[in-house]
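Asker: Show me how the following folds:
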Amino acid sequence: MNQEHSGRVNGRILVVDDDKDVCGVICDLLDESGFAVVRAYDDRTAYETLKAQARTFSALVIDIDLGRGTTGFDVARYARTLVRDLPVIFLSGDDDGASVEKFGVSASGFIRKPFEPSELLALLRTKLAAADQRPRRGGP
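Answerer: Numbers count the residues shown, from 1 in each chain. You can find the predicted model right below:
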């Protein structure tokens with residue numbers, strides 16, 4: 001299921017988390033902070049959404065463990081084939097972030113769950129600001 005909320009639009013963010021409650025909290029936070037938000041609860045929906053709309057997203061916020069199917073790492077790598085420099089923030093309640101260096105995409109961020117809303121917003125704004133400093137490119 002894919003739902004979109006739109007706030008004042010500081011950017012359009014794809015949020016992927018198989019825990020609907022956590023996904024909802026993240027989406028509400030981002031929406032209230034002026035971002036347009038698209039949510040996906042599984043890898044299949046994330047892949048479909050990215051295939052159709054990748055270049056419309058300002059960033060990807062994604063849980064590493066998406067339950068059944070592929071991981072958040074796999075989805076992020078796919079996203080980066082479509083938009084090479086798409087900002088990515090990984091989330092996990094089970095990982096300490098070490099796997100992000102090994103399996104994640106370059107220049108991504110990591111936040112351990114649970115986290116403070118201000119932590120996610122600060123990292124997202126940092127990643128978006130860095131992305132604004134370079135020209136937007138598609139895939140390879």
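Asker: alpha carbons only for contacts and neighbour counts from here, please
Answerer: Fine.
Asker: Low-confidence regions, this protein specifically.
Answerer: Along the chain, segments meeting pLDDT under 70 span 1-9, 134-140.
Asker: where exactly do the strands run in it?
Answerer: Applying DSSP state E to the chain gives strands spanning 2-5, 12-16, 36-40, 59-63, 88-92, 109-112.
Asker: I'd like those as TSV, with distance to Val22 appended.
Answerer: Converted to TSV, the strands of the chain look like this (distance: least, CA to CA, whole Å):
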stretch	distance to Val22
strand 2-5	15
strand 12-16	10
strand 36-40	11
strand 59-63	10
strand 88-92	11
strand 109-112	13
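Asker: any idea which of these is most buried?
Answerer: Among these, ranked by average contacts under mean count of other CA atoms under 10 Å, first place goes to strand 59-63 (a mean of 27).
Asker: List the buried residues for stretch 19-35?
Answerer: Cys23, Ile26, Cys27, Asp28, Leu29, Leu30, Asp31, Gly34, Phe35 (16 or more other CA atoms under 10 Å).
Asker: Next: stretch 91-109.
Answerer: Leu91, Ser92, Gly97, Val100, Gly104, Val105, Ser108, Gly109.
Asker: Dump those residues into CSV; add distance to Asp74 as well.
Answerer: Listed next are those as CSV, based on distance: CA to CA, whole Å:
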residue, distance to Asp74
Leu91, 14
Ser92, 15
Gly97, 16
Val100, 12
Gly104, 8
Val105, 9
Ser108, 13
Gly109, 15
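Asker: Which members of the buried residues of stretch 19-35 are the farthest-apart pair?
Answerer: Cys23 and Gly34 (16.7 Å; CA to CA).
Asker: mind listing the helices in the chain by residue range?
Answerer: 20-32, 43-53, 72-82, 98-103, 117-132 (DSSP state H).
Asker: Which pair in the buried residues of stretch 91-109 has the greatest spatial separation?
Answerer: Applying CA to CA across the buried residues of stretch 91-109, the maximum distance is between Ser92 and Val105, 15.2 Å.
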